[in-house]
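Visitor: model the following, please.
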Amino acid sequence: MTVAFFSGKARRAGVALGAVSAGLLVLSACGSKPTPLATVTVGSDSVNAEAACYNDGKAIAESQIQSCLKKKPEKTITVAADDRIRFGVDPEVAENGWTLFIGGQQAEQEPYKKTYRSIPASAFLSSQTGETSNTAQISIVETSGKKLTGIWHFELKKES
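Guide: As a prediction, the model looks like this:
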C-alpha cells in the first residue's frame with residue numbers, strides 16, 4: 001500500500017493558509033473596534049481623530065468628564081481668520097447629537113443632528129472682548145440626552 005504525501009509546494013501553501021486563518025481569528029477575537037472619527041477641514045487641509053474619551057456609545061462617567069475635556073489635542077490645523085472651518089462626524093454620532101466646546105467650555109446649548117457643519121474661523125479666534133487669540137482648543141462632544149458619550153479634540157492655530 002502506498003501513502004500519498006503532499007509536495008513541498010502544497011505543504012507551504014497549506015501552512016500559509018492556516019497562518020492567515022489563525023491571524024484573522026485572533027484579530028476578530030480582539031473585539032475592540034475603533035471609535036468613530038471626527039474631522040476638521042479648512043480649505044483643502046483636513047485632520048481627523050478618534051475620540052479622546054469614548055465608552056462605546058454609553059455615557060462617560062461624571063468623574064472623568066473634566067479630565068477628558070482638559071486633555072490636550074493631538075491634531076492641529078492652521079486657519080486664517082477669514083477661513084471657514086468644516087466639522088464632520090460619523091453618522092452614529094450625528095444620530096445622538098453633538099455640540100462644540102471651546103477651551104473646555106460648552107459653546108452651544110442645543111445638540112446638532114447632522115454629520116457636517118461649517119463655521120467661520122473668526123468665531124473661534126476672537127474672545128468676547130474682541131481680542132484675538134493665536135490658538136483655540138475645539139472639542140466635538142457627542143451627547144445622548146444630558147450625558148456626554150464621546151469627546152474629540154482639535155487645536156486651531158492661527159496662520160502667521
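Visitor: ok, which stretches of the chain are helices?
Guide: Per DSSP state H, the chain carries helices over the ranges 8-30, 62-69, 91-96, 122-125.
Visitor: where among the ones you listed is average confidence lowest?
Guide: Sorting the helices of the chain by mean pLDDT places helix 8-30 lowest, at a mean of 48.
Visitor: what's the burial count for Val79?
Guide: If you count neighbours by other CB atoms under 10 Å, Val79 ends up with 23. The way it works is simple: take the backbone N, C-alpha and C, and place the C-beta from them, glycine included.
Visitor: same check, this time on Gln109
Guide: By other CB under 10 Å, 6 other residues sit near Gln109.
Visitor: quick one, what contacts it?
Guide: For Gln109, the contact set (CB atoms under 8 Å, 6 or more residues apart in numbering) is empty.
Visitor: now it: phi and psi?
Guide: Backbone geometry at Gln109, expressed as degrees, to the nearest 10, gives phi -90, psi -40.
Visitor: could I get the contacting residues of the closest residue to Ser139 other than its chain neighbours?
Guide: Using CB to CB, 6 or more residues apart in numbering and skipping the chain neighbours, the partner closest in space to Ser139 is Phe101 (4.0 Å). Contacts for Phe101 (CB under 8 Å, 6+ apart) come out as 69, 107, 138-141.
Visitor: can you tell me how far Phe101 is from Ala80?
Guide: Note on Phe101: its distance to Ala80, by CB to CB, to the nearest Å, is 22 Å.
Visitor: how deep is the residue lying closest to Ala38 once chain neighbours are set aside tucked in, by neighbour count?
Guide: Distance criterion CB to CB, 6+ apart; nearest residue to Ala38, sequence neighbours excluded, is Trp152 at 3.8 Å. Trp152: 29 surrounding residues under other CB under 10 Å.
Visitor: I figured Trp152 was touching Ile140, is that so?
Guide: Yes. Assessed by CB atoms under 8 Å, Trp152 is found in contact with Ile140 at 4.4 Å.
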